[in-house]
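Trainee: Structure of the sequence below:
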Amino acid sequence: MGGREVNHAHHGGAEIVFDSLYRDIVADERIVYSSVLSRDGRPATVSTTTVELETCDEGTRLVLTEQGAYLDGLEQPDWREQGTGEWLGRLGAELRNAVEGGH
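Mentor: Residues are numbered from 1 along each chain as shown. Next up is the predicted model:
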């Protein structure tokens, strides 16, 4: 259980850092982590995210719930929703390719 993940990127000339602490991990059930997204060293969001995994007829259903504080106009909820939707879409595509490819 636990751990830390730090991702660095540049967007529009700004340095973006996403720093997460994993608070609770239950295999095949849930992951809970808290994060700070900073832009040029200034906190833009502080959030808690829960990822729940549920078995269903089609395989596994992923439910992601995020609660966040969006600070000083540096990030907006709709921006986060769009970005999260994009990476979940890419994850889904990778998983479909793995299943179809027999991996």
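Trainee: just so I have it, where are all the strands in this structure?
Mentor: Ranges of strands in the chain, per DSSP state E, are 4-11, 14-26, 30-39, 42-56, 59-70.
Trainee: so of the ones you listed, which one's packed in deepest?
Mentor: strand 30-39 (a mean of 18; mean count of other CB atoms under 10 Å). Just so you know, the C-beta spots here come from the backbone N, C-alpha and C atoms, and that holds for glycine as well.
Trainee: Put the alpha carbons of that one into PDB.
Mentor: The C-alpha trace of strand 30-39 is given here as PDB (Å, rounded to 0.1, in the frame of the first residue of the first chain):
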ATOM      1  CA  ARG A  30     -10.000   0.500  -5.300                       C
ATOM      2  CA  ILE A  31      -7.200   3.100  -5.300                       C
ATOM      3  CA  VAL A  32      -7.400   6.400  -3.400                       C
ATOM      4  CA  TYR A  33      -4.800   9.100  -3.900                       C
ATOM      5  CA  SER A  34      -4.400  12.800  -3.100                       C
ATOM      6  CA  SER A  35      -2.700  15.100  -5.500                       C
ATOM      7  CA  VAL A  36      -1.400  18.600  -6.000                       C
ATOM      8  CA  LEU A  37      -1.100  20.000  -9.500                       C
ATOM      9  CA  SER A  38       1.300  23.000  -9.700                       C
ATOM     10  CA  ARG A  39       1.900  25.400 -12.500                       C
END
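Trainee: List the contacts of the residue nearest the centre of the chain.
Mentor: Central residue of the chain (CA atoms, centre = their mean): residue 84, 6.1 Å from the mean position. For residue 84, the contact set (CB atoms under 8 Å, 6 or more residues apart in numbering) comprises 64, 66.
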